[in-house]
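Chemist: sequence unknown, structure follows:
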Ligand SMILES: [Cu+2]
């Protein structure tokens, strides 16, 4: 009797293992393949600030980030930086999101692509951590925390000689 019980338990375990094996044939979501590291955010009392990170695509397919959010800002955007007239750098919202090529690392860095907290709900103070959620084109999303630091460089404007934010999105 005892032998029979042991055998049945073994058979049940084997069945579970086989079922789990079938599940691995499902395509990985974008969130499964993206690894976020070195995330940090520029400290600010109010208004806007930038956030940066390394986004690694460990998968075999390109992945597209379509939106980003954080509880400390009423709106958060994906920004790119481009040269403007007169040699200044202007930042603007990415058209169609951010693509991370298969097997590559995409750096979000001051002076380049970045995440933009457009309208802070509360100050982001050095030494604290804030949360972000990025959502991909397949509907999956991933969360990460970003360390807040003092940073004085890369003061891009939206457009030369116009009020901050006035020409945003153009
Ligand atoms: Cu920006």
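Modeler: Thanks, I have the structure now. Nothing here was measured: the structure is a model prediction, and the numbers come from that model.
Chemist: In the chain, which residue is most central in space?
Modeler: For the chain, the residue nearest the mean C-alpha position is residue 134 (4.3 Å; CA atoms, centre = their mean).
Chemist: Give me the neighbour count for the closest residue in space to residue 144 that isn't next to it in sequence.
Modeler: Spatial nearest neighbour of residue 144, excluding adjacent residues (CB to CB, 6 or more residues apart in numbering): residue 36 at 4.2 Å. The C-beta positions use only the backbone N, C-alpha and C, and glycine is treated the same way. A count of nearby residues for residue 36, using other CB atoms under 10 Å, gives 17.
Chemist: Which other helices and strands does the helix or strand encompassing residue 36 contact?
Modeler: According to DSSP states H and E, residue 36 maps onto strand 34-42. Under the contact definition 3 or more CB pairs under 8 Å, 6 or more residues apart in numbering; DSSP states H and E, strand 34-42 sits against strand 49-57, strand 129-136, strand 141-149.
Chemist: in the strand or helix carrying residue 91, what counts as buried?
Modeler: In this assignment (DSSP H and E), residue 91 forms part of strand 89-93. For strand 89-93, the neighbour count (16 or more other CB atoms under 10 Å) marks 90-92 as buried.
Chemist: what do you get for stretch 132-146?
Modeler: 132, 134-136, 140-142, 144, 146.
Chemist: farthest pair in the residues you listed?
Modeler: 140 and 146 (19.6 Å; CB to CB).
Chemist: quick one on the thing from earlier: let me know the closest of the buried residues of strand 89-93 to residue 71.
Modeler: Using CB to CB, the buried residues of strand 89-93 come closest to residue 71 at residue 91, 22.7 Å.
Chemist: For that closest one, give its distance to the ion.
Modeler: Residue 91 sits 4 Å away from the ion, going by CB to the ion, to the nearest Å.
Chemist: ok, what's across the strand from that residue?
Modeler: residue 81 (DSSP bridges).
Chemist: Surely it and residue 116 touch.
Modeler: Yes. Between residue 91 and residue 116 there is a contact under CB atoms under 8 Å: 7.3 Å.
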